[in-house]
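have a look; sequence and predicted model below, questions after that.
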Amino acid sequence: GLKGKVAVITGSTSGIGKGIAECLAAEGADIMLNGFGDRSEIADLEKKIATEYGVKVTYSSADMSQPSEIVGMISEAQKKLGNVDILVNNAGIQHVSPVDEFPEDRWDSVIAINLSSAFHSIKAALPFMKDKGWGRIINVASAHGLTASPNKSAYVAAKHGVVGLTKAVALEVATNGITVNAICPGWVLTDLVRAQIEARAKESGRTFEDEKRALVSEKTPSQDFSTPEQIGKLAAFLCSDAANQMTGAPYSVDGGWMAQ
Ligand code: NAD
């Protein structure tokens, strides 16, 4: 189990990050949540995880587009929970547009939140992990860290960058008892994907359900979504002793997308 370990999970107020936080808490890790959302809903989530799993839970409102807030989040976790043993870089946003119409500010936000935030949090957390001679860094990349789709240039560039960052840092800390890996989900039905399905439905005039099926079948041989819990279980496995020789690699959870 992960009793006595402290896990910081960025973007864990919803979707995949929330699933990962719950799975790590289920293994006994104390949790720092992060992300946007309604403050009272976040307080409820803190309470729910703490009581259900008997772990300490705290929350940072740090904005992952702001380097100083990211560094503040890591030091707050160390102060409030005692260390940072596990870092999950999960916060992410999407913007869909052809590259020649892509707004500059959206490009900058996608790169900042989906890629640069992982650099800043890793830089801040590594000294604590090195001190203990143990650490786990998990970057939530994407199938789009390994292949491209049209109209997602910033996202694809950021996620390929995350996979590269994962490999580079894994090499640097390979003898420190620290592993660094990437998880590459295909489609998971979260708010981020619901927004894309809604946009497609608005454009085509078809129903949400029709567009949901169309979206998943375009890319996914299994014709189905993965769940946040399935991603969370993989994250928990990567934190286990059984995974201490797994480092520097992307792991697909995508219903066969990457096999095509
Ligand atoms: P989501 O929208 O449900 O969750 C995103 C989380 O990030 C939320 O908690 C949100 O508050 C937080 N967030 C957004 N901007 C932030 C910021 N500036 N600072 C701090 N937190 C911020 O989406 P999700 O699908 O759960 O996405 C989680 C990660 O998984 C993302 O990196 C995404 O790219 C990746 N991913 C998702 C899918 C999918 O199909 N849903 C597939 C592959 C990869």
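That came through fine.

tally of neighbours for residue 181?
When neighbours are defined as other CB atoms under 10 Å, residue 181 has 23 of them. (C-beta placed from N, C-alpha, C; glycine too.)

so who does it touch?
137-139, 166, 170, 238, 246-251 (CB atoms under 8 Å, 6 or more residues apart in numbering).

need the contact list for the residue of the chain positioned farthest from its centre.
Going by CA atoms, centre = their mean, the residue of the chain most distant from its centre is residue 205, 32.0 Å out. By CB under 8 Å, 6+ apart, the contact list for residue 205 is empty.

can I get the lengthiest strand in the chain in PDB, CA atoms only?
Longest strand in the chain, counting residues (DSSP state E): strand 178-185. Extracted C-alpha coordinates of strand 178-185, given in PDB (Å, rounded to 0.1, in the frame of the first residue of the first chain):
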ATOM      1  CA  ILE A 178      12.300   7.600  -8.600                       C
ATOM      2  CA  THR A 179      10.300   6.400 -11.500                       C
ATOM      3  CA  VAL A 180       8.800   8.700 -14.100                       C
ATOM      4  CA  ASN A 181       6.100   7.400 -16.500                       C
ATOM      5  CA  ALA A 182       3.300   8.700 -18.700                       C
ATOM      6  CA  ILE A 183      -0.200   7.400 -19.000                       C
ATOM      7  CA  CYS A 184      -1.800   7.800 -22.500                       C
ATOM      8  CA  PRO A 185      -5.600   7.500 -22.300                       C
END
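
so for it, what's the average pLDDT?
Average pLDDT, strand 178-185: 99.

can you list the strands that it pairs with?
Looking at strand 178-185 with DSSP bridges, its partner strands are strand 135-140 (parallel), strand 250-253 (parallel).
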